[in-house]
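# give me a 3D structure for the following:
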Amino acid sequence: MLYAPNYTQELIILFKQRKQAGVNVPIVDGLDLAAPFAQNLNDPEAADNAFFANNFSEKEPQLVEVRNAYKAKYNNEEPINKAYLGYDKILIIVDAIKKMNSTKPEDVIKGLEQVKNLQGTTGVITLSPTTHQPVGLSMVISKIEKGKYVEVGRYVPEKHKK
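Numbering: from 1, shown residues only. Reported below is the predicted structural model:
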């Protein structure tokens, strides 16, 4: 197995070289392997045997509204996973501002400490009042087979199973 925490451009080179060298060890990476990575290779099967964690499943219904708005604005282009993450960040900030009825930085921080059960595109979001990190964060593990994305399942770390 090869762990490759690289950005997209380096990953494209790595996957092409891996195929050219005839190496077929699994590669593990993060969000940069999500769609449309395989299609960007011009040989999507070069991405086979790759695994990555994503914040959501493409099958989740809460993505539809954001996907449709994005496609309408950007000439029918499909949003990448980071568009949904960015959308959720804005939802969180707006929720914090509404809770405090203020945009002062110190009030927004207090509002972040109160974000609980907020429906986002990546799931239901609750922030830890002490770390401001998501509580109960789960990831959808996917792999690439024959140039196609296949979900393996959802993973929730033990410390978040409370």
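# could you use CA atoms for every contact and neighbour count after this?
Will do.
# the domain parsing of this protein - what is it?
1-55+138-156, 57-136 (automatic domain parsing).
# a markdown table please, covering those domains and showing mean neighbour count and mean pLDDT.
Listed next are the domains of the chain as a markdown table, based on neighbours: other CA atoms under 10 Å; pLDDT from 0 to 100:
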| stretch | mean neighbour count | mean pLDDT |
| --- | --- | --- |
| domain 1-55+138-156 | 17 | 92 |
| domain 57-136 | 16 | 92 |
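# what separation do you get for the nearest residue to Ala35 once chain neighbours are set aside and Gln62?
Spatial nearest neighbour of Ala35, chain neighbours left out: Ile80 (6.7 Å); criterion: CA to CA, 6 or more residues apart in numbering. From Ile80 across to Gln62, the span is 15 Å (CA to CA, to the nearest Å).
# biggest helix in this protein, by residue count?
helix 81-100 (DSSP state H).
# which strands or helices does that one pack on?
helix 105-112, strand 118-120 (3 or more CA pairs under 8 Å, 6 or more residues apart in numbering; DSSP states H and E).
# okay, the angle between the first one and helix 81-100?
Going back to what we said before, that points to helix 105-112. Helix 105-112 runs at 100 degrees relative to helix 81-100, counting by axes from the mean of the first three to the mean of the last three CA atoms, to 10 degrees.
# since that was my last question, I'll sign off now.
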